[in-house]
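Visitor: quick one, structure for this:
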Amino acid sequence: MVTARAAATFDPDGRSAAAARGFVRDALLGWGLPEVVDDAVVLVSELVTNAVVHAGTAAEVCCLREEETVRIEVTDHHPERGLPTLGDGPVTASDRYADPDGEGGRGLLMCSALAERWGVEYATGRKTVWFRLALPAHVTGTRYAVPATPGSDLPSSPGPVHVAVVQLDDDGRVLAWNPDAEALFRHPAATVLGRPWADLAVWPQSSGRGLGLTDTLRLARWEGGYGVRRPDGEEVEVYGVQVRVRDTEGVPSTLCLLVLEPDRAVLRSPARALPGERPDPAGPRLDLLAGPIATDDLETLLQRTVERARDLLDADAAYLLLTTDDEAEFEVRAATGLTIGHRRHTRFPVETGNRYDSARLPSVHEDLAGRPTGLPLLSGSGMRSLVTVPLKVEGRLIGSLGIATAAPGRYDNEDALRLQFAADRVALAVESTRLTELERLRRGSLSFLVEASDLLAGTLEHEQTLALMAQMAVPTLASWCAVYTNGDHSSATGLAFVLHEDEDRIDPLRDLLDKTPSPEAGPTHGVRFWTAPAETAGSRGLTDSPELAGLLGETVVLPLTARNRVIGLLVLGVPAGVRFRQEILELAEDLSRRAALALDNSRLYSERTATSQALQRSLLPPDLPEIPGVEVDVYYQAAGEGNEVGGDFYDLFTIREGTYGFAIGDVCGTGPEAASVTGLARHSLRLLAREGLDAPQVLRRLNAAILDEGSRSRFLTLLYGELTPRPDGSTELSLVCAGHPLPLRLRTDGQVDQAATPQPLLGVMDDLELTAEHLVLAPGEVLLCVTDGVTERREGRRMLGDDGLAEVLTGCTGLTAGAVAMRVQRAVERFAPEPPSDDMAILTLRVPTQRQP
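Guide: All right, here's what the predicted structure looks like:
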C-alpha cells in the first residue's frame, strides 16, 4: 500500500542530476526516512544521469512510500530503446545490462548491489527503471542519544522555551496557531487564521541559496532559519522544521515547528550515527566506500569515490588528486563534472605558497570569482564554491579531495568537516589500493623489461632490432613511436623507423616527421619534451587534417646511449589531451637503455657482417671464364650467420690460351687468419701457374709461401689441376690432390671412381714430394670436386662420406654440370634435419657429348 507519493520532472541538462538528488533527499527526510537517503540519492543520481545525458530526454522521478519499503521510479522517453536480449540459462544484471568498466548501464549494476528489488519496465516511447529500498524496522526505545554533558556545555536559553506549532494549508494559509505561537509572535490566533504565511514570514533572499518560500513549503521536509514579523513590525529570528503531511482524506498541509534562534538546539536534527558509534556534531557522516566500489582497481576506486562525494554533497563537480612519490606534486587521478582544463595525470605543486590554500588542511572557498584558487584544474570551469580536504594516512599527505558547485557561498565549515570525515574513511583504502597497484606495476615493469631484454637479445639484425624497439613501446608505453639513428660518430640523426598503434596513421605520421627537423641528440640520459612535430603541423596547417586529428599530444625524446655515446633517439608520443605518467616515463628510460645496447650490438654486427661478406667475396673469383668444350658449375655455401669468413674457396682461371687452371681448397679455421691464407693461396696459384710452372711445382712454391707466414700460417688442403680441351671433344687434365677429398669421376655408364690419389697437405712440411696425375675426360663424363663440408656431413654417428657421395653421383648420369652440383647440394641438405655446420664448395666439370661450336 502506498502511503505517500512525491514526483517531479527534470529537464535534459547537466544540472538535473543534482536537482534530482535534492528532490529525493528532501522527500525521504520529510517522510522521516533518513536511513535510506544515501543509497536512494546515489541510485537516482546514476539513473537520472543516464536519462538526461545518454538518452537525451527529460527524466521523471517518482518516490512512493510503502508500508515496508520505498519505491523510486526514474522514467525517460527515448524513442528507440529496445528490450534486453535474454540468452539461454540464468542471466545476471551485469550480463544483461552493463559492462562494469563502461559508462553505460552502471546505474543498473548499482541497483543490483544496493536495492532490495529492482526492475525495468518498457512501454511505447518510455522506459522506467524502479528500485525498492527496505525500511529499517522501528524498534521501541532510544533511537538517538548524546552522552552526559557538563552543565556549562549545555545550550542556554533566555527564558522558558516556547515551541510554536503552525499548520499551513496547500495554498500557504494558516490553519492552526498554538498558544506558544501567540507567546512568541504576539499575534492572537484569531488575527492570523486564514492569512497567508508569507505576510508573517520574512524569507531570506540571498542569491543562489535555496528556494523561495512557496517552493520550500511544498518540500517533504525542510529545516533552517528565517524571520517572523510581530504586530509592531519587529522581526524575530526563528529556527524552524517543517514537514509536509496529509490528512485522512489525502489533503496535504505543512506543519511548522518554530523556536527562537537561540533555542535552535531543541529542533535541530542531530547527526545520524551508525550503530555503536557516537554521533558527529559536524552533521551526517558520509561513507564514500558504501555500495559497489571495487577496491582492487585504483582507477575505479578513485572515480567512484569522486562521484559518490559529488552526489552525497549535492555538488556539481568533484576531483581527487594523489601525491607523487616525493610528495612535491599533485597528480589528477579522477574527476567528474569538469569539462574544461581537466586532463588526467596533470601535475602541479602541492604547496602554492599561500598558507590559506594549504593542501594539508581542510579549506572552504566561498566564491572563487572573487578569490581564485591556485588549482589549474578549475580554470574556466565556472565553479564558484569549493571545499578541499586532505587525504592522510598516518599523518602523511597522500592526496586531496575536492567538491565544487557553480553557486557561490554554498558550503561552510560543517560541510568541510563532513567531507574530511569521508576522506579519512577512504584514505586508507586509497593508499592500500595504490600500494597494491604500484606493486603490480613494479612486477609488470620487471616482466616487461625481462621480455624486452629477451626479445632484443634474440636478434642481431639491425632492421629487426629497430622494429622490436618500436613494438615494445607501442602500445604499452605510448600510442606512437619513432626511432632516429646516426650512421657514424659525427653524422646527424635520421628517421629510421615509425610505428603507430593504428596502422592507417603510420604513413601520415612519417610524412609529418620527415618534414620536422630531427631532434638534437642532447644529453646522454633523461627525458626531454619535444614540441617540434606539433609546431610543424601548425605552421603547415595540418593540425585539423583528418590524418593528424588528435594525433599529437605530449611527445618525449629519450637518448639511446651505448658505450658512452648517443647512437640515436627514441621518440614516444600520446594522443591530444593525454599526458605521460611518471612511472611510464621511468619505464621508457629503462627500455631505452636496453634498446640502445641492443641497437649498438646490431650495428656492430651488421658492420662486421658486411666486412666479412666483402672479404669473403674478395676471396672468390668474380666471374668464371667460358671454357670451350667444357661445362663448369660451382656451388658455394658458407656456414654460420655470415659474420665470419669461411676457409673454403675455389677458383677457375685462364693460364694460357687453351689451358685453364682450377682449384678447390679448405684452409684450417675461419676468420681473418684463415682469410689471409686463402688470399695467399688463390693469388699465388694464379701467379705461379702463369709463370709456366707445372702443377707439382706450383704447389711446392705455395707450400713454401705458407710456411713463410710463421705463426700466422694455417695448413691447407688443396685440389689443383690444369685442363686442356682436345680437338676430339675430350679434355685432358693434370691433377695434384694435396690432402684434399679425392675428386670423383662419373663415367657415361654410371660408374664412379676416384680420379686421383692422396698426397701430403700444404703448410706442414718443408719438402714435399708431389706428382701430377693425368687423365682424360671423355664426352659425357663428369669430374666432381668437393670440400670436406660435403663428405663429412653428419647425422648423429652417421656420415655421408666418400661412399655416400659416390652413390649420389651414380644417379647423375646424363645431367648437366649445374644439375649435378644441385643434386649433390640437395643430398647434403637432406642428409640431416639440422643445417650444415661447415662451409661447402662443389665444383663440377663435364665434357658435353657434342662440342659447342
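Visitor: pLDDT of the lengthiest helix in the chain, averaged?
Guide: Taking DSSP state H as the criterion, the chain has its longest helix at helix 413-457. Per-residue pLDDT values across helix 413-457 average out to 84.
Visitor: confirm residue 120 sits in a helix?
Guide: No. Using DSSP: H, G, I helix; E, B strand; the rest coil, the secondary structure at residue 120 is strand, not a helix.
Visitor: which elements pack onto the longest helix of the chain?
Guide: Applying 3 or more Cβ pairs under 8 Å, 6 or more residues apart in numbering; DSSP states H and E, one finds that helix 413-457 contacts helix 298-312, strand 363-365, strand 385-393, strand 396-405, helix 462-473, helix 582-618. All C-beta spots, glycine's among them, are computed from the backbone N, C-alpha and C.
Visitor: now the ones you listed as TSV including mean pLDDT?
Guide: As requested, the helices and strands packed on helix 413-457 are exported to TSV (pLDDT from 0 to 100):
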stretch	mean pLDDT
helix 298-312	85
strand 363-365	87
strand 385-393	90
strand 396-405	90
helix 462-473	89
helix 582-618	83
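Visitor: which residues sit in contact with the closest residue to residue 537 other than its chain neighbours?
Guide: Leaving aside its sequence neighbours, residue 537 sits nearest to residue 543 (Cβ to Cβ, 6 or more residues apart in numbering; 5.0 Å). Going by Cβ atoms under 8 Å, 6 or more residues apart in numbering, residue 543 touches 534, 537, 552.
Visitor: which of the residues you listed fall in helices?
Guide: Reading helices off the contacts of residue 543 with DSSP H, I get 534, 537.
Visitor: can you add pLDDT, neighbour count and distance to residue 237 and give the contacts of residue 543 back as TSV?
Guide: What follows is the contacts of residue 543, written out as TSV (pLDDT from 0 to 100; neighbours: other Cβ atoms under 10 Å; distance: Cβ to Cβ, whole Å):
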residue	pLDDT	neighbour count	distance to residue 237
534	88	21	61
537	88	19	64
552	86	23	61
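Visitor: what's near enough to touch the residue nearest to residue 805 when sequence neighbours are not counted?
Guide: In space, residue 805 comes closest to residue 791 once its chain neighbours are excluded; the distance is 5.7 Å by Cβ to Cβ, 6+ apart. For residue 791, the contacting residues are 741, 799-802, 804-805, by Cβ under 8 Å, 6+ apart.
Visitor: same thing but at 7 Å, please
Guide: For residue 791, the contact set (Cβ atoms under 7 Å, 6 or more residues apart in numbering) comprises 741, 800-802, 805.
Visitor: likewise for residue 621?
Guide: Contacts of residue 621 by Cβ under 7 Å, 6+ apart are 651-653.
Visitor: most surrounded residue in the residues you listed?
Guide: Using other Cβ atoms under 10 Å as the neighbour criterion, residue 651 leads the contacts of residue 621 with 21 neighbours.
Visitor: that residue touches residue 663, doesn't it?
Guide: Yes. Between residue 651 and residue 663 there is a contact at 4.7 Å, judged by Cβ atoms under 7 Å.
Visitor: joint contacts of these two?
Guide: Shared contacts of residue 651 and residue 663, defined by Cβ under 7 Å, 6+ apart, are found at residue 685.
Visitor: secondary structure element holding residue 130?
Guide: Element membership for residue 130, per DSSP states H and E: strand 126-134.
Visitor: these two touch, right, residue 702 and residue 681?
Guide: Yes. Using Cβ under 7 Å, residue 702 is in contact with residue 681, at 6.1 Å.
Visitor: still on that earlier bit, make CSV from the contacts of residue 543 and add distance to residue 259 to it.
Guide: Converted to CSV, these look like this (distance: Cβ to Cβ, whole Å):
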residue, distance to residue 259
534, 65
537, 69
552, 65
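Visitor: which one of the contacts of residue 543 is nearest residue 838?
Guide: residue 552 (54.6 Å; Cβ to Cβ).
Visitor: the closest residue to that closest one other than its chain neighbours and residue 802: what is the separation?
Guide: Spatial nearest neighbour of residue 552, chain neighbours left out: residue 534 (4.7 Å); criterion: Cβ to Cβ, 6+ apart. The gap separating residue 534 from residue 802 is 72 Å, by Cβ to Cβ, to the nearest Å.
Visitor: ok, residue 483 next?
Guide: The separation that residue 483 has from residue 802, given Cβ to Cβ, amounts to 53 Å.
Visitor: these two: who's more crowded?
Guide: In this view residue 483 and residue 802 are compared by other Cβ under 10 Å, and residue 483 has more residues nearby, 23 against 16.
Visitor: does that one touch residue 470 like I think?
Guide: Yes. Residue 483 lies in contact with residue 470 (Cβ under 7 Å); the separation is 6.2 Å.
Visitor: for the protein, longest strand please?
Guide: What stands out as the longest strand in the chain, according to DSSP state E, is strand 235-246.
Visitor: buried stuff in it?
Guide: 238-244 (16 or more other Cβ atoms under 10 Å).
Visitor: which of the three states applies to residue 729?
Guide: coil.
Visitor: go on, residue 525?
Guide: With three-state DSSP as the basis, residue 525 sits in coil.
Visitor: for it, give its distance to residue 774.
Guide: Residue 525 is 72 Å from residue 774, by Cβ to Cβ.
Visitor: leaving aside the residues next to it on the chain, what's closest to residue 117?
Guide: Spatial nearest neighbour of residue 117, excluding adjacent residues (Cβ to Cβ, 6+ apart): residue 132 at 4.6 Å.
Visitor: same thing with residue 252?
Guide: Spatial nearest neighbour of residue 252, excluding adjacent residues (Cβ to Cβ, 6+ apart): residue 246 at 4.7 Å.
Visitor: against residue 255, how distant is the one you found?
Guide: According to Cβ to Cβ, residue 246 and residue 255 sit 11 Å apart.
Visitor: which residue packs closest to residue 783, ignoring adjacent ones?
Guide: Residue nearest to residue 783 in three dimensions, not counting chain neighbours: residue 845, with 4.4 Å by Cβ to Cβ, 6+ apart.
Visitor: hmm, the one you found is touching residue 627, no?
Guide: No. Judged on Cβ under 7 Å, residue 845 makes no contact with residue 627 at a distance of 8.5 Å.
Visitor: overlap of the contact sets of the two?
Guide: Counting by Cβ under 7 Å, 6+ apart, nothing touches both residue 845 and residue 627.
Visitor: who has more neighbours, the two?
Guide: A count of neighbours by other Cβ under 10 Å puts residue 845 above the other of residue 845 and residue 627, at 26 against 19.
Visitor: that one belongs to a strand, doesn't it?
Guide: Yes. Under three-state DSSP, residue 845 sits within a strand.
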